[in-house]
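coords please:
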Amino acid sequence: MPMSKNEANRGLIEKIRDLEEQYGKTFSNTQKILLTTDGSITAILDVLYGKITLSTLDQHFEDADKSHAKLVNVDEGEEINYREVIMHREGKPLIYAISHIPLSRCSREVCADLIRADIPIGRILKNYNIESRREINNIFIEKPNDTLKELFETDEDMLARDYVIISNGEILMWIKEVFPVSYFTEI
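Next comes the predicted model:
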């Protein structure tokens, strides 16, 4: 039996509490919202900062290897869209995101918008009235890789989450979002 919305929310609150305890820091309400929302991060950032922009760092098609196939529940070798982006406001990076999207589950129009890049996934889903839901898999802290150090100009720890977007009972996308632990603390 699937978990109820209240049970899922309690689980996320517990994950945040555990993470705060492990890290020895209380996260701001904004950080908690960004890590636990089952809505669009783009919409939240738009409310906080005015309309944000997105820059695509890398985007290409690839055959799903074993780990990526598992993330989006497809067969190994199926073609997926790999997309790496940074959401920013007036040149200031806000959130880094990676997504894996099985092309077989996207309409031609959605695929065209993905390829055109620089359109946040939340806006694409809204533009096409795609009924979907997000299920958060993990909320965690990680050390930054070289890309994150360069983008955010810091080597501090990163808050991260990964989740899937489900439409018509299938995983439409797997997404990981990351931002420095010092971000979104004053809002």
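
What score does Ile119 have for pLDDT?
At Ile119, the model reports a pLDDT of 80.

Is it located within a strand, as I assumed?
No. Counting by DSSP: H, G, I helix; E, B strand; the rest coil, Ile119 falls outside a strand, being coil.

pretty sure it contacts Ala112?
No. Applying C-beta atoms under 8 Å, one finds Ile119 not in contact with Ala112, separated by 10.2 Å. C-beta here means a position set from N, CA and C on the backbone, and glycine is covered the same way.

does Val47 count as helix, strand or coil?
helix.

Looking at Ile119 and Ala112, which is more packed in?
More neighbours surround Ile119 than the other of Ile119 and Ala112, with 16 against 11 (other C-beta atoms under 10 Å).

Spatially, what comes nearest to the more buried one if we skip its sequence neighbours?
In this structure, Ile119 finds its nearest non-sequential neighbour in Asp113, 5.3 Å apart by C-beta to C-beta, 6 or more residues apart in numbering.

Please name every helix or strand in contact with the strand or helix carrying that neighbour.
Assigned by DSSP states H and E, Asp113 falls within helix 108-116. Secondary-structure packing of helix 108-116 (3 or more C-beta pairs under 8 Å, 6 or more residues apart in numbering; DSSP states H and E): strand 79-89, helix 121-127.

now the helices for the chain?
5-23, 29-36, 41-49, 66-72, 108-116, 121-127, 146-152 (DSSP state H).

So for Leu94, which of these sits nearest?
Nearest of the helices of the chain to Leu94, taken as C-beta to C-beta: helix 41-49 at 5.9 Å.
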